[in-house]
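A.B. asks: below are the sequence and a predicted model for it; my questions follow.
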Amino acid sequence: MNAIAPTPAIAEADRLRLAPGVMLRNDRRRGQWMLMAPERLLVLDEMALAVVRACVGTGGDADADVAAGIDRLTTEYDAPRAEVAADVLEMLTDLRNKGYVVS
Amino acid sequence: MSCALPALAARNGEPAPPFAVLAELTHRCPLRCPYCSNPLALDPASAELDTATWKRVLEEAADVGALQVHFSGGEPCVRKDLEELVAHATEVGLYSNLITSAVLLDAARLDRLKRAGLQHVQISLQDSEAAGADRVGGFRGGHGKKLEVARMVVAQGLALTINAVLHRHNIERVNEVIDLAMELGAGRIEIANVQYYGWALANRASLMPSREQLLAMDAAVRARLPELAGRIVVDYVVPDYYARRPKSCMGGWARRFMNVTPRGRVLPCHAAETIPGLAFETVHDRSLSEIWRDGPAFARYRGTDWMPDPCRSCDHKEEDWGGCRCQALALAGSADATDPVCELSPAHAEVAVLRDRDAAALGTEWTYRGM
């Protein structure tokens, strides 16, 4: 069997959407935002929620790229863009590898 | 099954709510897999809960705080009211998973299920090859039908998980099974080595892989994990009898799941009825909330108070929760014992003896599951 290269990390030009069967939900009883997924869920803290909202589209044609989301978060949090970009791309790559988002 | 829901602190002495309810709608199934996790004494169709009662159970599942429902069986698609139940689950705010053999599904029914709010379909595969798969399932043409339905699931935009059950007769094709899951477009694959409960326990001598097979499979899977990351989610656990530490069975007894059997018994796990002396309530006795809170079978092994040593003084007791109670019963003779899969258990050496004996038996015939 030939070795296949690992999937590259998420880049700023990628356009992301939630994977099939994944949805963003607010569970009122627990007071938590979460990504509901097949037989799993992921609780989102405030930062993760902001990243998902800014950088993950809803599947329409008009979905923006990750770079636009990073721009928004940079303004919103008044932080150096390079730092925001590094954190966001790492988080999105992790979400992709766990099957919550797809490009 | 996994879930990243943090263990919520018990409030006012009440246990944190469950993550999901497993609704075993029926024990009927067109397949006859010899490793079926259903009990040896199957519930007949005449004993099954009716539609109205299942709807009430779904409402109670939402009330107790469950977020997801797993429609399971047997084969849940034998129930003609499946669409109605999925729609009701959606209405009360539950996320619906369908755990199926897929052989009774077609495009029209999948479309109706999707419109009822179904999000995810998990399809079991018995092998990567039709001949081996259909022999295990005892259902001619089953494998081909499963592949056809799996493609329909993806085409409908639903999430697809492939549940690949491995044992002595197919473990050498683990790479082919992974390739097949990816070709089908599955978002996730469960590499599920047979767990020895129910029918599988009865057929253990015909299913147990050898150490050489196990090591080769384990190496093959681990070698591929880097390339699979970002392409397919892999749920892989070392099979119990070859492990050094026990699995966190059900994420801990009465911590994450409730199981409702076809006749309406409410269990902490699907094999719990094998444990003698546990009193199970039914959905006719009390609500799921009441049963979850203080039902005697749920309270019996919840948390860590019940634990004997070596669990009681172990640093891992809130990671594996003592392993599996049903396995402790099957292998150590008592559900109160540490799971003997743990190398710290005094009965651990006997697991290796049983395993090696059954692996060496090289049995090729099994008892098919049947009513």
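C.D. replies: Alright, I've got the coordinates.
A.B. asks: quick check, residue A:27 in contact with residue A:34.
C.D. replies: Yes - between residue A:27 and residue A:34 there is a contact at 6.1 Å, judged by Cβ atoms under 8 Å. All C-beta atoms are positioned from the backbone trio N, CA, C, and that covers glycine.
A.B. asks: name the residues contacting each of the two.
C.D. replies: residue B:67 (Cβ atoms under 8 Å, 6 or more residues apart in numbering or on different chains).
A.B. asks: give me the nearest residue to the residue of chain B found nearest chain A, chain neighbours excluded.
C.D. replies: For chain B and chain A, the shortest gap (Cβ to the nearest Cβ) falls at residue B:159, measuring 2.6 Å. Once flanking residues are discounted, residue B:159 sits nearest to residue A:21: 2.6 Å by Cβ to Cβ, 6 or more residues apart in numbering or on different chains.
A.B. asks: near chain B, which residues of chain A are found?
C.D. replies: By the rule Cβ under 8 Å from any Cβ of the partner chain, the part of chain A lying against chain B is A:1, A:3-7, A:19-23, A:25, A:27, A:29-30, A:34, A:36-43, A:93, A:96-99.
A.B. asks: buried subset of these?
C.D. replies: A:7, A:19-22, A:25, A:27, A:30, A:34, A:36-43, A:93, A:96-99 (16 or more other Cβ atoms under 10 Å in any protein chain shown).
A.B. asks: circling back: check contacts around the residue nearest to residue B:159.
C.D. replies: A:37-38, B:119-120, B:158-159, B:187.
A.B. asks: after the helix or strand of chain A with the lowest mean pLDDT, which helix or strand is next?
C.D. replies: None of the helices or strands of chain A scores lower by mean pLDDT, DSSP states H and E than strand A:56-57, at a mean of 90. Next helix or strand after strand A:56-57 toward the C-terminus (DSSP states H and E): helix A:66-77.
A.B. asks: which strands and helices lie in contact with that following helix?
C.D. replies: The helices and strands touching helix A:66-77, judged by 3 or more Cβ pairs under 8 Å, 6 or more residues apart in numbering or on different chains; DSSP states H and E, are helix A:46-55, helix A:81-97.
A.B. asks: need those helices in TSV (columns: mean pLDDT and distance to residue B:40).
C.D. replies: Output for those, formatted as TSV (pLDDT from 0 to 100; distance: least, Cβ to Cβ, whole Å):
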stretch	mean pLDDT	distance to residue B:40
helix A:46-55	95	45
helix A:81-97	96	40
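A.B. asks: of the ones you listed, which approaches residue B:344 most closely?
C.D. replies: Nearest to residue B:344 among the helices and strands packed on helix A:66-77 is helix A:81-97 (32.8 Å), distances taken as Cβ to Cβ.
A.B. asks: mind listing what's buried along that closest one?
C.D. replies: A:84-85, A:88-89, A:91-93, A:95-97.
A.B. asks: show me what residue B:267 is bridged to.
C.D. replies: residue B:259 (DSSP bridges).
A.B. asks: and the next helix or strand past the helix or strand hosting residue B:298?
C.D. replies: Taking DSSP H and E as the criterion, residue B:298 maps to helix B:296-300. Using DSSP H and E, the helix or strand that follows helix B:296-300 towards the C-terminus is helix B:317-320.
A.B. asks: for stretch B:294-304, C-alpha coordinates in PDB please.
C.D. replies: Output in PDB follows, covering the C-alpha atoms of stretch B:294-304 (Å, rounded to 0.1, in the frame of the first residue of the first chain):
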ATOM      1  CA  ASP B 294     -32.800   7.000  41.700                       C
ATOM      2  CA  GLY B 295     -33.800   3.800  39.900                       C
ATOM      3  CA  PRO B 296     -32.100   1.000  41.900                       C
ATOM      4  CA  ALA B 297     -30.400  -0.500  38.800                       C
ATOM      5  CA  PHE B 298     -29.000   2.900  37.900                       C
ATOM      6  CA  ALA B 299     -27.900   3.700  41.400                       C
ATOM      7  CA  ARG B 300     -26.200   0.400  42.000                       C
ATOM      8  CA  TYR B 301     -22.900   1.000  40.100                       C
ATOM      9  CA  ARG B 302     -23.100   4.800  39.500                       C
ATOM     10  CA  GLY B 303     -20.000   6.700  40.500                       C
ATOM     11  CA  THR B 304     -17.300   5.200  42.600                       C
END
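A.B. asks: for residue B:260, see how far away the residue of chain A found nearest chain B is.
C.D. replies: Proximity of chain A to chain B (Cβ to the nearest Cβ) peaks at residue A:21, 2.6 Å away. Per Cβ to Cβ, to the nearest Å, residue A:21 is found 23 Å from residue B:260.
A.B. asks: looking at the contacts of residue A:21, which is nearest residue A:76?
C.D. replies: Distances from residue A:76 to the contacts of residue A:21, taken by Cβ to Cβ, are shortest for residue A:37, at 26.2 Å.
A.B. asks: bridge partners for that closest one, pull those for me.
C.D. replies: Counting by DSSP bridges, residue A:37 forms beta bridges with residue A:40.
A.B. asks: so it touches residue A:19, yeah?
C.D. replies: Yes - the pair residue A:37 / residue A:19 is scored as a contact, 7.3 Å apart, by Cβ under 8 Å.
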